[in-house]
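Asker: got a sequence here, can you model it:
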Amino acid sequence: MRVCDTAAEAVDGIEDGSTVLVGGFGMAGMPVQLIDALIDQGATDLTVVSNNAGNGDTGLAALLAKGRVRKVVCSFPRQADSWVFDGLYRDGKVELELVPQGNLAERMRAAGAGIGAFFSPTGVGTPLAEGKETREIDGRTYVLELPIKGDVALIGAHLADRMGNLVYRKTARNFGPVMATAATTTIVQVREVVETGELDPEAIVTPSIYVDRVVAV
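Answerer: Numbers count the residues shown, from 1 in each chain. Predicted coordinates:
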């Protein structure tokens with residue numbers, strides 16, 4: 001695990017065509033400084049996995065506006081302030097894979113846990129299940145869902161220690177913990193990096209084994 005001096009250092013090496021898991025529920029927990037650094041870094045043709053498809057003109061929306069994203073995998077592509085994604089999608093400039101929120105979280109959790117696939121009742125009988133295997137279990141129909149793995153996860157946490165253990169602040173936790181487990185490289189922005197031993201072990205949510213780079217912003 002490396003403690004980086006700048007956000008630019010933290011996102012260095014992210015390649016074109018990467019699948020990037022981006023934490024946040026709306027703007028809560030969104031790693032805005034890491035996204036801004038990724039914009040400056042220049043990686044393009046990205047597949048972004050996130051709960052939303054960007055809010056306003058900052059964070060993920062800014063990355064979309066720069067034309068760096070080829071595909072968005074998310075649960076809520078449209079809300080009052082998602083005009084950037086909405087315009088790009090209507091113009092055919094970005095692809096969308098819509099995934100129900102529970103399935104989105106579980107598909108990433110499955111990737112982190114090494115689960116090859118799972119059956120879920122969510123989406124059965126809708127266009128979201130088209131082309132997917134279905135199975136009847138105890139009289140109920142389920143659809144097969146595959147894990148979502150990331151090349152990189154960009155997440156926000158509250159504090160990290162110098163080993164990379166993380167604690168989050170309230171609802172800003174959201175998708176951070178599952179994304180950290182589902183990516184090859186996990187990059188985290190925090191408010192502060194404290195010395196190892198200062199975090200209460202019982203309060204640590206994401207252990208350092210899942211964290212590769214941390215930057216205080």
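Asker: and the helices in the chain?
Answerer: Here the chain has its helices, by DSSP state H, at 7-11, 32-41, 60-65, 83-90, 101-113, 176-182.
Asker: isn't residue 101 right up against residue 51?
Answerer: Yes: the criterion here is Cβ atoms under 8 Å, and residue 101 meets it with residue 51 at 6.8 Å. No exception for glycine: its C-beta is placed from N, CA and C like everyone else's.
Asker: picking that back up, out of the helices of the chain, nearest to residue 203?
Answerer: helix 176-182 (13.0 Å; Cβ to Cβ).
Asker: list the helices and strands that closest one packs on?
Answerer: strand 19-22, helix 101-113, strand 150-156, strand 183-190 (3 or more Cβ pairs under 8 Å, 6 or more residues apart in numbering; DSSP states H and E).
Asker: chain center to the third one: distance?
Answerer: Computed by Cα atoms, centre = their mean, to the nearest Å, the separation of strand 150-156 from the middle of its chain amounts to 6 Å.
Asker: what's that strand in contact with?
Answerer: 11, 14-15, 18-24, 29-32, 34-35, 38, 49, 108, 111, 172, 175-176, 179-180, 182-190 (Cβ atoms under 8 Å, 6 or more residues apart in numbering).
Asker: sorry, back to before: what about the helices and strands packed on helix 176-182, which gets the closest to residue 1?
Answerer: Nearest of those (Cβ to Cβ): strand 183-190, 9.4 Å.
Asker: so what's the residue nearest to residue 15 when sequence neighbours are not counted up against?
Answerer: Distances taken as Cβ to Cβ, 6 or more residues apart in numbering put residue 43 closest to residue 15, at 6.4 Å, once the chain neighbours are dropped. Applying Cβ under 8 Å, 6+ apart to residue 43 gives the contacts 14-16, 18, 68.
Asker: make a ChimeraX selection of the buried ones in the residues you listed.
Answerer: In ChimeraX syntax, the buried subset of the contacts of residue 43 is picked out as below (16 or more other Cβ atoms under 10 Å):
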select :14,18,68
